[in-house]
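>>> got a predicted model here, sequence first, then my questions.
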Amino acid sequence: MSRPLCSTCQRPLSVCYCSALVHIRNRIKVLIIQHPLEQKHPFNTGRMAHLCLENSELIVAERLADEQLAQLLKPNSALLYPSLSWLPDVDPVEPGTSRAGTLEQLTVIDATWRKSKKMLHLHPDLQRLPRVSFEGTLASEYRIRHSSLGNSLSTLESIALAMQQLEPGSDFQAMLRPFKHMVSLQIDVSGAGERGHR
């Protein structure tokens with residue numbers, strides 16, 4: 001028998017994180033294109049980011065028609081993604097610059113690294129967007145899920161860091177509250193399960 005789920009966060013009620021959710025006004029719209037497998041993942045941080053940001057949209061799809069993607073992308077859009085060698089060489093969006101000041105939308109791919117690369121290959125228009133990337137060592141709090149790529153962050157952590165740089169007047173780090181709450185709840189539940197089987 002399946003456990004009852006919260007209708008908002010879609011987590012089992014025993015590990016619902018909604019009490020820690022925050023609501024942040026953001027000028028730059030955050031468009032999250034989520035792989036269908038992420039929608040079903042129990043630790044869905046793309047959905048959590050969408051729930052925290054007032055100006056955001058969550059689309060679940062591995063592939064979008066060119067016309068649909070064109071409708072979703074605003075004229076001044078950027079892609080939150082590392083500047084990897086196989087991607088087209090485009091100008092970065094640097095925080096504090098005039099380009100950052102006129103940015104209308106930050107597009108985010110919510111998927112594993114392997115799936116995100118496939119989604120980018122399927123959408124050349126996304127590859128050609130100006131990019132927001134991070135430099136230096138990144139420290140993730142995502143202790144309940146591991147990435148195949150070192151020095152990486154969860155979708156929510158990446159969005160919070162990018163938006164904090166692009167809109168420094170708002171507290172986007174507050175988005176980490178429900179994230180850390182979810183992680184702690186899961187660790188507590190997992191620990192209780194391990195103790196119960198001893």
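Noted; the coordinates are in hand.
>>> which of the residues in the helix or strand of the chain with the lowest mean pLDDT are buried?
The weakest-scoring helix or strand in the chain, judged by mean pLDDT, DSSP states H and E, is helix 176-196 (a mean of 76). With burial defined by 16 or more other C-beta atoms under 10 Å, the residues of helix 176-196 counted as buried are 176, 178-179, 181-186. The C-beta positions use only the backbone N, C-alpha and C, and glycine is treated the same way.
>>> repeat that for stretch 59-72.
Those would be 60, 64, 69, for stretch 59-72 by 16+ other C-beta under 10 Å.
>>> so how far is it off the chain centroid?
17 Å (C-alpha atoms, centre = their mean, to the nearest Å).
>>> stretch 78-90 now?
With C-alpha atoms, centre = their mean as the basis, stretch 78-90 stands 17 Å off its chain's centre.
>>> and if you look at stretch 14-27?
For stretch 14-27, the distance to the chain centre is 14 Å (C-alpha atoms, centre = their mean).
>>> in the chain, which segments are predicted with low confidence?
1, 136-151, 191-198 (pLDDT under 70).
>>> just the helices in it please.
For the chain, helices defined by DSSP state H occupy the ranges 36-39, 45-52, 66-72, 98-101, 113-122, 124-127, 155-166, 176-196.
>>> turn those into CSV, columns for distance to residue 29.
What follows is the helices of the chain, written out as CSV (distance: least, C-beta to C-beta, whole Å):
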stretch, distance to residue 29
helix 36-39, 20
helix 45-52, 11
helix 66-72, 10
helix 98-101, 14
helix 113-122, 19
helix 124-127, 15
helix 155-166, 11
helix 176-196, 20
